[in-house]
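Undergrad: can't give you the sequence, but here's the structure:
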């Protein structure tokens with residue numbers, strides 16, 4: 001099975017690295033293309049996979065096409081690449097581009113639309129994928145293996161992908177913003193900047209690991225660290241006063257709405 005990465009940016013590099021590291025496909029069956037010579041060199045250096053300038057010959061020789069270009073460039077790139085090999089599988093990680101559009105562009109229903117997130121680059125991704133009308137169980141299994149090698153992977157109905165985008169796709173930015181705010185607050189409380197950021201990072205990583213190990217529900221773990229009238233209770237009271245949960249609901253709702261708008 002020959003797989004072609006169309007676009008050789010960070011996410012494509014992470015996916016190719018996962019495939020190679022976990023021996024999901026032989027390196028000899030992988031190839032990439034990108035218009036940028038710098039991106040081509042960086043991709044090959046990181047993955048060991050050959051990366052060339054785009055050409056029709058590369059496309060017609062591929063059994064699987066992994067579309068990893070900027071969403072605003074996807075339509076033009078697809079037009080330049082057509083026609084693809086009959087029966088080829090198209091996997092797209094282009095945010096906001098629906099299966100219907102991909103089907104029109106590539107002339108096939110053998111499509112998988114993926115919504116990954118940037119922690120994929122460190123093997124901690126959260127990805128959801130939806131099948132096109134002609135994608136079969138084997139195609140779904142392939143997507144699951146590739147994405148699962150770099151974190152959590154779940155198959156969903158396409159109708160859920162706007163919500164996935166709003167939660168896990170955009171979610172790392174919410175965590176980074178919270179981290180920035182926590183570190184800044186620590187500085188204001190008198191901590192050196194480096195120490196404050198280090199403590200913030202480790203706190204977030206440790207809390208996430210406790211959740212991942214299912215040591216308790218979010219409510220149970222929160223309560224376990226909260227003593228009546230203690231320091232944590234004082235902080236949580238301020239969060240409640242500022243309607244933190246309602247704010248996060250509005251954040252995700254706004255992102256989901258925007259994802260739906262971009263997909264039209």
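TA: Received, thanks. On a predicted model such as this, the values are computed, not experimentally measured, just so you know. Numbers count the residues shown, from 1 in each chain.
Undergrad: after the helix or strand encompassing residue 74, next one along is what?
TA: Here residue 74 sits within helix 71-81, counting by DSSP states H and E. For helix 71-81, the following helix or strand on the C-terminal side (DSSP H and E) is strand 89-92.
Undergrad: pairing partners for that next one, with directions?
TA: Strand pairing for strand 89-92, using DSSP bridges, gives strand 64-67 (parallel), strand 111-115 (parallel).
Undergrad: which positions within the shortest one qualify as buried?
TA: Along strand 64-67, the positions that meet the burial threshold by neighbour count (16 or more other C-beta atoms under 10 Å) are 64, 65, 66, 67. The way it works is simple: take the backbone N, C-alpha and C, and place the C-beta from them, glycine included.
Undergrad: now do the longest one
TA: The neighbour-count check on strand 111-115 (16+ other C-beta under 10 Å) flags 111, 112, 113, 114, 115 as buried.
Undergrad: next, format those as TSV and append distance to residue 1.
TA: As requested, these are exported to TSV (distance: C-beta to C-beta, whole Å):
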residue	distance to residue 1
111	17
112	14
113	20
114	18
115	23
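Undergrad: closest one of the residues you listed to residue 102?
TA: Nearest to residue 102 among the buried residues of strand 111-115: residue 111, at 5.0 Å, using C-beta to C-beta.
Undergrad: can you give me the strands in the stretch 151-264 of the chain?
TA: Listed in chain order, the strands of the stretch 151-264 of the chain (DSSP state E, counting those that start in this stretch) span residues 151-155.
Undergrad: and the residue of the chain positioned farthest from its centre, what pLDDT?
TA: Largest separation from the mean C-alpha position in the chain: residue 229, at 40.0 Å (C-alpha atoms, centre = their mean). pLDDT, the model's per-residue confidence, is 94 for residue 229.
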